[in-house]
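K.L.:
Compute the structure for the input listed below.
(3 chains)
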Amino acid sequence: MAANPHAEHLAELLEDLNEPQREAVTHGEGPLLILAGAGSGKTRVLAHRIAFLIYTDQAQAGEILAITFTNKAASEMRERVERLLGHATRGMWLMTFHSACARILRAEAARLGYTRQFTIYDQADARRLAKRSADACGVDPKRYTPAAVLNQISAAKNKLIDVDDYRAQAASPFEEMIGEVYDVYQRDLVRMNAMDFDDLLFRTVNLLELFEEARERYRETFRHVLVDEYQDTNHAQYRLLQLLAGGGAPPQRGRDGGAGPAYSGPVGHRNLAVVGDDAQSIYGFRGADIENILRFQDDFPDARVVKLEQNYRSTETILSAANAVIANNRGQIGKKLWSELGQGDQIQVRALQDEHAEARYVVGEIQRLVDEGASRAEIAVLYRTNAMSRVIEDNLVRSEIGYQVIGGTKFYERAEIKDAIAYLTLLANPYDVVSFTRVANSPRRGIGATTLARVTAHATAMDVSVWEAAASPSRVPGLGSAAVKALGRFMATMAELRAITGAPALGGEGDLDLEDQVAQPEPDAGGEDAGPAGSVPIAELLEAVLAQSGYIEALEAERSIEAQGRIENLEQLVEVGREFDAGEGEDTLERFLQEIALVADADSRTDDAGLVTLMTLHNAKGLEYPTVFITGLEDGVFPHSRAIDEGGLEEERRLFYVGVTRAMRKLYLTHARRRAVFGAQSYGMPSRFLTEIPGDLLDEGSDGGWRPGAGFTPSLAGRSETVWNGGGQVKASRGEGTGTTSFRLGEDVVHAAFGDGVVTAVEPDGVIVVRFAGDGSERKLMAEYAPVTRR
DNA sequence: ATCCTGATTTTTTTT
DNA sequence: AAATCAGGAT
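P.N.:
Modelled structure (predicted):
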């Protein structure tokens, strides 16, 4: 028998790999670049490589850091590796950049002036904060929306430009203005012991640059670093990898003060394996820098480069189309994808009159395919923007075809869920002003905006946490006696809840008026943290929060269907907590909050259910389906008009390339002559990407395509609906008689997309509010236009 | 402090 | 078509 006790496994591991795949898997130490075309088995190669490293004793599980793009991809990877290794992957760091950074920062928070309970703000929180900062700087919100301002700040952070650098190099009044807001915004974050998504990366880079000890420790810990989707890394992520694995280009700017110890000490181990495809770089808008992959060989001149060009997914027709389209981009790394799967079917291209006709065509085809024996789970419908899912949903519901939508509105964005999370966040992080203001008056307790502003201003002025400021309301200047009382009661329950977490008590007690109490030792200031702030089951804590805060009570008092729906959502959240409690690892509150902050909706995708999948093209990255529909192929929609204006055409083309290459056997491309955008009709030419596909690969339908006035008649089983009325005024007729458009409170209704619901409010101008039974969501609808009918 | 109403804006894409 | 926001009324 061979010396290696795993010899048998090893042979098996390499068995079904093609030559370049095997080369990538068995590559030893040193930098490795895997250029993996779409469908060339890159996930497989990564998983096999991890298993190989372990079987050949080049690494222990705990010495591997494998970065994926989504949590979903991480758990899929974990499963695959477990299957290969035949045992658990305990200790292996297999997660997203953001999760890995959050985990490192928890451990090292004190060094950066944070506590380990720091809050992670999602985009919505960050935007709210950016708005506040912009207001404080006197920025005209009409001229510069908070989102635009935040984008600028985010872009700077992704490039590792801190406030001082930014202000120093500001070259226009606009940039000076942004610099000012950036300054305020960042100070607020620090004061609140909070980080936004970008900070997670930026702060980790700071940590590793400033503290040699930490840098060396993590370098030693992660002997092998593997990165998936490398083409979508931004500069901060790039820098992080350099710091962890060493090598790479020299730092771009020394950080003042610290005299930049960045590159003293041993050069890293340089065991960095990255996998990517420059043709699939689609996240430039959020700072991804395609140059990272294009320049990998400059950074590591001795890097082994492996190209995976055999595609195991798609027919030759589909690949030819993809190759032809992407050839219109400049500066690609040469790759020629090929497949042994045969020509296959032609690509179906259809022109429809409007988005309704398009949706009917798509759903009609789905119906036909399913009748012919296809599984719904084999079909995906892709679109450029989330808003485009609505019409397709309508039609799927009418045809009674089960589907799932990935992305769009998320569970964790619902108000009641955000409220509940904010309570927990405030319990963990007493500095969190955003959570405090969110929670203080919900349910209503008579703590209004003015009171909140006074409390937070006082906290800032006295340099104490909001918690402390609020806990001694009588010391806040300008508060009326009613406000003092309300705050006192609120903070008393918060203190009780905090006691449940096991964390030490904080701040002033009720109405003690001792002046020197402010000087009392502050447990959260420095390194030592709130002690064993864990060990309470999250589900229990959450139930206590919801009960003692009066949140549930207030909802029950409403006695409305929508309140009932909210309560059910909250019960679901408690269930999430219960699952977390049952999982492995210490169940600390911080860890729970971190996990929740970093989950994406794409993570909730299921494969096995008999459901058609609807999602944006971005969300489709990394997935494959036997049948794929790409809708909305009009100039202005896809490519998106904003991308056309801002020179993002190549990225749009790569996005189209990603979409096309998701398809295994059948590909449908549709465009509408006319489409409602913001409720107004707009007319669009067929997408330029369509014309980039060689004609012989396309089947444009027996009809020869769209002709003015004629209209395409989809092969719909049931009735055919007339949509085009020739005059330009368009209104989709619904199958069921709508009857009158007036609804009454409490009436049972059916919505084409959302199913059964009940009218919970009737507003002026024909707006009704409906709470839907399906998901408990509540929506405002235009009674006259929305596809709702009385049940 | 809270509710109501009308105006404005939203749609790129997401960790 | 629908969500968010600001300003004004109660």
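K.L.:
residue ranges with poor pLDDT in the stretch 151-300 of chain A?
P.N.:
A:247-266 (pLDDT under 70).
K.L.:
Tell me which stretches of it form helices.
P.N.:
A:163-169, A:173-191, A:197-210, A:212-221, A:235-245, A:291-294, A:296-299 (DSSP state H, counting those that start in this stretch).
K.L.:
could you dump those to TSV with distance to A:Arg653 and mean neighbour count?
P.N.:
For glycine as for every other residue, the C-beta is placed from the backbone atoms N, C-alpha and C. Below are the helices of the stretch 151-300 of chain A laid out as TSV (distance: least, CB to CB, whole Å; neighbours: other CB atoms under 10 Å):
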stretch	distance to A:Arg653	mean neighbour count
helix A:163-169	32	15
helix A:173-191	30	18
helix A:197-210	27	23
helix A:212-221	38	16
helix A:235-245	23	23
helix A:291-294	16	20
helix A:296-299	22	16
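K.L.:
A:Gly91: which of these is closest?
P.N.:
For these, proximity to A:Gly91 was assessed by CB to CB; helix A:212-221 is nearest, at 10.2 Å.
K.L.:
Would you mind pulling up the elements that that closest one packs against?
P.N.:
helix A:197-210, helix A:235-245 (3 or more CB pairs under 8 Å, 6 or more residues apart in numbering; DSSP states H and E).
K.L.:
quick check, distance from whichever strand or helix holds A:Cys101 to the centre of its chain.
P.N.:
Assigned by DSSP states H and E, A:Cys101 falls within helix A:97-108. From the chain centre to the centre of helix A:97-108 is a distance of 17 Å (CA atoms, centre = their mean, to the nearest Å).
K.L.:
Figure out which of the helices and strands packed on helix A:212-221 is closest to DNA strand B.
P.N.:
helix A:197-210 (4.4 Å; CB to the nearest atom of the strand).
K.L.:
nearest to A:Glu692, of the helices and strands packed on helix A:212-221?
P.N.:
helix A:235-245 (31.0 Å).
K.L.:
Pull the residues that contact the closest one.
P.N.:
A:65, A:97, A:101, A:157-160, A:198, A:201-202, A:204-205, A:208-209, A:215, A:218-219, A:222, A:225, A:227, A:233, A:248-249, A:251, A:262, A:268-272, A:274, A:287, A:289, A:292, A:299 (CB atoms under 8 Å, 6 or more residues apart in numbering).
K.L.:
still on that earlier bit, distance to DNA strand B added to the helices of the stretch 151-300 of chain A, as CSV?
P.N.:
CSV is the format used below for the helices of the stretch 151-300 of chain A (distance: least, CB to the nearest atom of the strand, whole Å):
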stretch, distance to DNA strand B
helix A:163-169, 19
helix A:173-191, 15
helix A:197-210, 4
helix A:212-221, 19
helix A:235-245, 9
helix A:291-294, 15
helix A:296-299, 21
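K.L.:
For the stretch 401-550 of chain A, which residue gets nearest to DNA strand B?
P.N.:
Closest point on the stretch 401-550 of chain A to DNA strand B, by CB to the nearest atom of the strand, is A:Gly448, at 2.6 Å.
K.L.:
The residue nearest to that residue when sequence neighbours are not counted: neighbour count?
P.N.:
In this structure, A:Gly448 finds its nearest non-sequential neighbour in A:Asn441, 6.6 Å apart by CB to CB, 6 or more residues apart in numbering. Neighbour count of A:Asn441, defined by other CB atoms under 10 Å: 16.
K.L.:
do you know how far A:Asn441 is from A:Leu452?
P.N.:
Distance of A:Asn441 to A:Leu452, computed by CB to CB, to the nearest Å: 7 Å.
K.L.:
same check, this time on A:Ser133
P.N.:
17 Å.
K.L.:
Let me know the helix or strand that A:Val658 is in.
P.N.:
Assigned by DSSP H and E, A:Val658 falls in helix A:649-660.
K.L.:
got the buried residues for the helix or strand that that helix is followed by?
P.N.:
Sequence-wise, the next helix or strand downstream of helix A:649-660 (DSSP H and E) is strand A:663-677. Of all the residues in strand A:663-677, those buried under the rule 16 or more other CB atoms under 10 Å are A:663-675.
K.L.:
what about strand A:663-677 and DNA strand B, any contact?
P.N.:
Yes - judged by CB under 7 Å from any atom of the strand, strand A:663-677 comes into contact with DNA strand B at A:Val677.
K.L.:
Check stretch A:92-100 too.
P.N.:
Yes - interface with DNA strand B: stretch A:92-100 contributes A:96-99 (CB under 7 Å from any atom of the strand).
K.L.:
Just the terminal-to-terminal distance for that stretch.
P.N.:
11 Å (CA to CA, to the nearest Å).
K.L.:
Provide the contact partners of that stretch at residue level.
P.N.:
A:50, A:61-62, A:64-71, A:74, A:77-78, A:81, A:103, A:197, A:200-201, A:222, A:233, A:237, A:240, A:594, A:598.
K.L.:
hmm, try it at 7 Å
P.N.:
Stretch A:92-100 is touched from outside by A:61-62, A:64-71, A:74, A:77-78, A:197, A:200-201, A:237, A:598, with contacts defined as CB atoms under 7 Å, 6 or more residues apart in numbering.
K.L.:
Now the buried members of those residues.
P.N.:
Going by neighbour count (16+ other CB under 10 Å), these have A:61, A:64-71, A:74, A:77-78, A:197, A:200-201, A:237, A:598 buried.
K.L.:
What parts of the stretch 51-200 of chain A come near DNA strand C?
P.N.:
Contact residues (CB under 7 Å from any atom of the strand) of the stretch 51-200 of chain A with DNA strand C: A:131, A:141.
K.L.:
isn't A:Val545 right up against A:Thr425?
P.N.:
No - the pair A:Val545 and A:Thr425 does not pass the contact test of CB atoms under 7 Å, sitting 10.9 Å apart.
K.L.:
The helix or strand that contains A:Leu129 packs against which elements?
P.N.:
Using DSSP H and E, A:Leu129 maps to helix A:123-136. Helices and strands touching helix A:123-136, by 3 or more CB pairs under 7 Å, 6 or more residues apart in numbering; DSSP states H and E, are helix A:146-158, helix A:173-191, helix A:433-440.
K.L.:
pLDDT weak spots in chain A?
P.N.:
Checking chain A against pLDDT under 70 turns up A:1-5, A:247-266, A:409, A:508-534, A:587, A:600-604, A:608-609, A:702-747, A:751-756, A:760-791.
K.L.:
Out of the helices and strands packed on helix A:123-136, flag the one nearest A:Asp607.
P.N.:
Comparing the helices and strands packed on helix A:123-136 by CB to CB, helix A:146-158 comes nearest, at 32.4 Å.
K.L.:
Just confirm yes or no for that closest one near DNA strand B.
P.N.:
Yes - Helix A:146-158 reaches DNA strand B (CB under 7 Å from any atom of the strand) through A:Ala147.
K.L.:
ok so, going back, and the angle for the helix holding A:Val658 with strand A:663-677?
P.N.:
130 degrees (axes from the mean of the first three to the mean of the last three CA atoms, to 10 degrees).
K.L.:
what residues does helix A:649-660 touch?
P.N.:
A:279-282, A:284, A:318, A:321-322, A:325-326, A:328-329, A:382, A:617, A:620-621, A:630, A:638-640, A:643, A:667, A:689.
K.L.:
So which of the residues you listed are in strands?
P.N.:
Mapping the contacts of helix A:649-660 onto strands (DSSP state E) picks out A:382, A:630, A:667.
K.L.:
So the first one sits against A:Leu633, correct?
P.N.:
No - look at A:Leu382 against A:Leu633 with CB under 7 Å: they stay out of range, at 10.4 Å.
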